[in-house]
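Asker: no sequence on hand, only this structure:
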């Protein structure tokens, strides 16, 4: 199957997950603000 993402794009999901997990706010608050953590 052909890949449509570059190597940098492949890493984005993991980077976003790290940012989300390092946030000191409770999970409920992070989920309410999820647009800050997702790509367009």
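Answerer: All right, it came through fine. All of these numbers come straight from a predicted model, not from anything done at the bench.
Asker: distance of the residue nearest to the spatial centre of the chain relative to residue 2?
Answerer: Of all residues in the chain, the one closest to the mean position by Cα atoms, centre = their mean is residue 16, 2.6 Å from it. Separation of residue 16 from residue 2 (Cβ to Cβ, to the nearest Å): 24 Å. Using the backbone N, CA and C atoms, a C-beta is placed for each residue, glycine as well.
Asker: equivalent analysis for residue 26, please.
Answerer: Taken as Cβ to Cβ, the span from residue 26 to residue 2 is 41 Å.
Asker: give the next helix or strand downstream of the lengthiest helix in the chain.
Answerer: Criterion DSSP state H: the longest helix present in the chain is helix 7-22. Following helix 7-22 in sequence order, the next helix or strand is helix 27-32 (DSSP states H and E).
Asker: still on that earlier bit, how far does the longest helix of the chain sit from its chain's centre?
Answerer: From the chain centre to the centre of helix 7-22 is a distance of 5 Å (Cα atoms, centre = their mean, to the nearest Å).
Asker: next one: stretch 16-33
Answerer: That offset, for stretch 16-33, works out to 10 Å (Cα atoms, centre = their mean).
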